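Peer 1: pasting the sequence and the predicted model now:
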Number of protein chains: 4
Amino acid sequence: MNTFGRIFRIHIFGESHGENIGVVVDGCQEGISLQPDDFGPDLARRRSGAKGTTARREPDEPKIVSGIYNGYTTGAPLAILFGNHDAHSGDYAQFREMPRPGHADFAATKKWNNFNDLRGSGHLSGRLTLALTAAGVVAKKCIAPIVVNAMLTEAGGHANIDEAVEKTIRENDSIGGVVACCVQHVPVGLGEPFFDTVESLLAHLLFAIPAVKGVEFGAGFAAAAMKGSQHNDPIISPDGKTATNNAGGVTGGITNGNDLFFRVAVKPTSSIIRPQQTVNLATGGIETLEVRGRHDACIALRVPVIVEAAAAIVLCDLLKF
Amino acid sequence: MNTFGRIFRIHIFGESHGENIGVVVDGCQEGISLQPDDFGPDLARRRSGAKGTTARREPDEPKIVSGIYNGYTTGAPLAILFGNHDAHSGDYAQFREMPRPGHADFAATKKWNNFNDLRGSGHLSGRLTLALTAAGVVAKKCIAPIVVNAMLTEAGGHANIDEAVEKTIRENDSIGGVVACCVQHVPVGLGEPFFDTVESLLAHLLFAIPAVKGVEFGAGFAAAAMKGSQHNDPIISPDGKTATNNAGGVTGGITNGNDLFFRVAVKPTSSIIRPQQTVNLATGGIETLEVRGRHDACIALRVPVIVEAAAAIVLCDLLKF
Amino acid sequence: MNTFGRIFRIHIFGESHGENIGVVVDGCQEGISLQPDDFGPDLARRRSGAKGTTARREPDEPKIVSGIYNGYTTGAPLAILFGNHDAHSGDYAQFREMPRPGHADFAATKKWNNFNDLRGSGHLSGRLTLALTAAGVVAKKCIAPIVVNAMLTEAGGHANIDEAVEKTIRENDSIGGVVACCVQHVPVGLGEPFFDTVESLLAHLLFAIPAVKGVEFGAGFAAAAMKGSQHNDPIISPDGKTATNNAGGVTGGITNGNDLFFRVAVKPTSSIIRPQQTVNLATGGIETLEVRGRHDACIALRVPVIVEAAAAIVLCDLLKF
Amino acid sequence: MNTFGRIFRIHIFGESHGENIGVVVDGCQEGISLQPDDFGPDLARRRSGAKGTTARREPDEPKIVSGIYNGYTTGAPLAILFGNHDAHSGDYAQFREMPRPGHADFAATKKWNNFNDLRGSGHLSGRLTLALTAAGVVAKKCIAPIVVNAMLTEAGGHANIDEAVEKTIRENDSIGGVVACCVQHVPVGLGEPFFDTVESLLAHLLFAIPAVKGVEFGAGFAAAAMKGSQHNDPIISPDGKTATNNAGGVTGGITNGNDLFFRVAVKPTSSIIRPQQTVNLATGGIETLEVRGRHDACIALRVPVIVEAAAAIVLCDLLKF
């Protein structure tokens, strides 16, 4: 389903090369000041243009067509639209026959019986994260004074990110990365065990971001190698603050008054120019494929603001309980 | 919310030291053969008794009070109850004042304004995974011939699990572990992008299991350090089979016909006998706490069957779309 | 789905002749005083025993197995169970072959491929309203000082209800009735247009009560024959109070500060001793059926408290937004 | 919430005088032929222009911005937009101070703390039914060969509808009406007791249509005055066909193979030119209000196609279970 949330709910739609992509934000409280300009900084962080990102250029100008009156939210659903302007829909048809390794071509074509729009990966495109980022801008306003910050901490296994990206471009390859996110000023008591723990809801939305393949909270996978006497965070003040934060701010699925901290693994972009092996579904034979076009050498560069959006959306929904 | 799923839905209830815990399974198709004995093997795998698990002994006998007629599911909701028989509710009250590090005591008491049942961690107890496991038994029957297998691959950072557990017991400490899960015979096309990807739904339910702090699919966090040319799985047959499985069987959020593969990080049990530092909420002072009682030195030992249940439940729901 | 509500959610399970029926109430706030005795008055109003109701006698003693600690709700799900003690499961099997007119026998047997439990109508039995009534008791406590009152205003088309019932019993027949419900002290602003209007949510739950075939708000069907100048309620005070209440307390789908008022049409009990015509599914022939057993001559007599429960549950959920 | 449905889901947005109204249709199967022209007939039936309808003229041209590729649905969400072109937003501000009787002005202004868009009733406007009708066009295609037909059977209490409307116009008043709907070729077994009965889901959506104040199935309110021996529909063939249809095609909340039949009460338009009494919220005094502007003398004239849309949407969702 293209819906996330229980009270603060977002519905996204659109395709990479369609006329519009957009998001409906329902359940946003009335009285929030909201202008198209508010979206600028976050959309700019997600936009391509930097070294290591795709050559596709989109203005990404949000058009708010409902839910706003006199510059404030009304409590009715916000619908926010974006145009697609720089789409090159050339030769995607071949990927029905020759599915790209690492891409959803094969799975999507089977799932939707060939009726899916494959151009630019259609509805499965990373372009849809534009809608998610826009919803995140609204959510961030709603959750103040909670603040969400994410950053890329490594790319291709290296902390020297620029260098790793440049090397990757030279090699006609792509690399992954790790995004770390910290949420400050989180009240105690968010999260609904048994099934809607803070970790469950965040992971649900984070794994919806294309290319995310791992999520961990606090010490995460490292915790599996720890002892309880190391992992338990000593409580040092009556507001629940702890000396360490191995729990990542969540105990028993509930926020405990410390910063939320989690990390997200982003796989390397699947589209690479280097020759790859795939099957030709028409002939059954194995063939070599070279994926031309405009791609991100390191999509992880653009992911931090999307991770922030996801976190803000989840927190906004949790605050309404 | 204590509900998971969209068509195949489970609702759990109960507390560690209450009269019953249970689960309502709604949306299960009619005509599935189901007897109390069917639950035996999975419940035994979850039950304590082995070295490294708690001394609490529960018979865990399922009582199916609705949804069955003449040994088959009817299509009406299944309600499955379990009694709590070996609860020691002695001195949990102290944890309202002296919250245990690593536990939900502080967060839960704040969230529910002191009305929460703290005995044995109440509704937040790992005992609730009994209900999840029971629902998993039903789900496994529904998803045949899909098969789910999970196992503990390391404990406390070591592959030699027995030895690590014994050392931990001697040290009055606890350790975490990593559970790997593989799902075979998965049809192509499960998963609903944008928000209900296979990864999103699985992670949602996996993170609801107490002590889980990380989830990764396929290469997972290792993918962040890989190149696209390494990570992309070459497609080698017309049914979508790939030479490697770095994607963990999911591309674009959709199953691609390969085995689902994911790993789960389990933190060490929070309850340890060793002295720990916490705050006394009545006085505001820092004090030393020793958590007596019966605990699992390595709760991860009991988690694989719960992970299997989670996977089966998610797949059962996805198959209904 | 056997679930109703968005935040305050109820899940019911059970069959007329099964071991237990029950309800899980999730999303109930902590700190509500709740004892088994609290259920007495409402359950007594629903219970049979009066003239015109079935001869089946059930003690209807609620067993609260979770969600309560020291007499107060904890915020965790409440599970409330009832036993079935006076079931006569004699000869329901015949109704698979000879479906009873007015009953769900035919539709249910087709829907669930003969796996449904037909004894006492199984999961479709009016006995399930016991669970709904119990959830209503909890909801009524949560919505105080809002007060819900429903009464039977006519039976079989007559205001003289006792007389109509007695005549019906003598004739071996059954009659329907109309239940009117008034909700007082309703705050302004409940209801979520566009789709979750107060009328939508109430009607949704009211039509789940077996035998309900019509719902109208305020002037209802009479409004269709009115002029706007008659139907519009003049507003007479700054708190929104109106001189008349043709709107039934809801304008634009939102409560307007006046009493909620609605009426519910209850059809006559389908089970009657008088001979009726039906098809024999084995032979294809038309046959005459006499439905022996214990039936309510006027099920509408027992419906008012169930209508109250439905109203309280909806309001409880709406108040949480 | 501005969402309806569980698998086939619609999300609506927009305001009467905003830039766009629209609907997102999610969960629509792939491979349905869909062109803008398909919407023409149903939108024309809803459009104003006939005697008794508002003077506002809108072209109502649908713009499908996502979910379509090469003329067929793709399985991704459809987003359908409409512009507002003939809005007169003159003097709605007065209604915050002087709420119109029968309108949501008072309730909406309180609910949304004055941030709501009152122009043309904003998000609560009947104009939003344009989005519902558009979703209905999609649903009708999906449910074929099921056919839905609704018609206005009386207006202002009279079967001679044209005459009643003309008289109402001359009197500067408005009238209500009754819409009857019949759904043919319905398979046996749709509907999910206990809470998602066919009646519950239909009533939920029907009561979301502005001005609907009553819904009844089959004999409906008349059933309350009937005997069981009259109301029970004799079953006359092995496919469940009955000699009469007092049940309206639903027994036990499940379709029984007969036509679905229900009736909907539509109240008279609240906006009338005749002077009405209301309160001035600024002064607290009672004043006389004359609502100028363009109104429908008989909004019920435009409701049948909206009722059809509601029925088709519900059936489309039910068919997916």
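Peer 2: Yes, it's here.
Peer 1: please list the residues of the stretch 201-321 of chain A that sit near chain C.
Peer 2: Taking Cβ under 8 Å from any Cβ of the partner chain as the measure of proximity, the stretch 201-321 of chain A contacts chain C at A:F321. C-betas here are computed from N, CA, C, even on glycine.
Peer 1: low pLDDT regions in the stretch 201-321 of chain A?
Peer 2: Low-confidence regions of the stretch 201-321 of chain A, defined here as pLDDT under 70, do not occur.
Peer 1: just want the residue of it that's nearest chain C.
Peer 2: Residue nearest to chain C within the stretch 201-321 of chain A (Cβ to the nearest Cβ): A:F321, separated by 7.1 Å.
Peer 1: identify the residues contacting that residue.
Peer 2: Contacts for A:F321 were tallied using Cβ atoms under 8 Å, 6 or more residues apart in numbering or on different chains; they are A:R6, A:I7, A:L190, A:E192, C:I7.
Peer 1: one more pass at 10 Å, please.
Peer 2: The neighbours of A:F321, taking Cβ atoms under 10 Å, 6 or more residues apart in numbering or on different chains as the test, are A:R6, A:I7, A:G189, A:L190, A:G191, A:E192, A:D196, B:M1, C:I7, C:G27, C:K320.
Peer 1: in the stretch 201-321 of chain A, what residue comes closest to chain B?
Peer 2: Using Cβ to the nearest Cβ, A:G252 is the residue of the stretch 201-321 of chain A that sits closest to chain B, at 2.4 Å.
Peer 1: does that residue touch B:D105 like I think?
Peer 2: Yes - with contact defined as Cβ atoms under 10 Å, A:G252 and B:D105 form a contacting pair (8.3 Å).
Peer 1: what's the local residue count around the nearest residue to A:A247 once chain neighbours are set aside?
Peer 2: Nearest residue to A:A247 in three dimensions, chain neighbours excluded: A:G218, at 4.8 Å (Cβ to Cβ, 6 or more residues apart in numbering or on different chains). Using other Cβ atoms under 10 Å in any protein chain shown, the number of residues around A:G218 comes to 26.
Peer 1: how close does A:G218 get to chain D?
Peer 2: As for A:G218, its distance to chain D is 34 Å (criterion: Cβ to the nearest Cβ, to the nearest Å).
Peer 1: nearest residue to the residue of the stretch 201-321 of chain A closest to chain B other than its sequence neighbours?
Peer 2: Taking Cβ to Cβ, 6+ apart, and ignoring the residues beside it in sequence, A:G252 has B:A104 as its nearest neighbour in space, at 2.4 Å.
Peer 1: what about the residue nearest to A:T3 when sequence neighbours are not counted, which SS state?
Peer 2: Using Cβ to Cβ, 6+ apart and skipping residues adjacent in sequence, the residue nearest A:T3 is A:H11, 5.0 Å away. Three-state secondary structure (criterion: DSSP: H, G, I helix; E, B strand; the rest coil) places A:H11 in strand.
Peer 1: burial count for A:H11?
Peer 2: Number of residues near A:H11 (other Cβ under 10 Å) recorded here: 30.
Peer 1: where do the helices of the stretch 101-250 of chain A begin and end?
Peer 2: Counting by DSSP state H, counting those that start in this stretch, the segments of the stretch 101-250 of chain A that form helices are A:105-111, A:129-143, A:161-170, A:198-206, A:228-231.
Peer 1: of those helices, which is nearest D:V165?
Peer 2: helix A:129-143 (44.5 Å; Cβ to Cβ).
Peer 1: please identify the buried residues of that closest one?
Peer 2: For helix A:129-143, burial by neighbour count (16 or more other Cβ atoms under 10 Å in any protein chain shown) applies to A:129-143.
Peer 1: what about the residue lying closest to A:Q276 once chain neighbours are set aside, distance to B:G240?
Peer 2: Sequence neighbours aside, A:P101 is the residue nearest to A:Q276 in space, at 4.9 Å (criterion: Cβ to Cβ, 6+ apart). For A:P101, the distance to B:G240 (Cβ to Cβ, to the nearest Å) stands at 11 Å.
Peer 1: more crowded one of those two?
Peer 2: Between A:P101 and B:G240, counted using other Cβ under 10 Å, the more crowded position is A:P101 (29 against 24).
Peer 1: right, and the more buried one touches B:Q230 too?
Peer 2: No - A:P101 sits out of contact with B:Q230 when judged by Cβ under 10 Å, with a separation of 11.2 Å.
Peer 1: what residues are shared contacts of the two?
Peer 2: Among the neighbours of A:P101, those also in contact with B:Q230 (Cβ under 10 Å, 6+ apart) are B:T244, B:N246.
Peer 1: now do A:L201 against D:V24, distance only.
Peer 2: Applying Cβ to Cβ, one obtains 22 Å for the distance of A:L201 from D:V24.
Peer 1: list the contacts of the residue of the stretch 1-150 of chain A found nearest chain B.
Peer 2: When distances are taken as Cβ to the nearest Cβ, the stretch 1-150 of chain A reaches nearest to chain B at A:A104, 2.4 Å away. If you count contacts by Cβ under 10 Å, 6+ apart, A:A104 has them with A:95, A:111, A:116, A:118, A:121-125, A:210, A:270, B:191, B:193, B:247, B:250-254, B:256.
Peer 1: of the residues you listed, buried ones?
Peer 2: Those of these that meet the buried threshold are A:95, A:111, A:116, A:118, A:121-125, A:210, A:270, B:191, B:193, B:247, B:250-254, B:256, by 16+ other Cβ under 10 Å.
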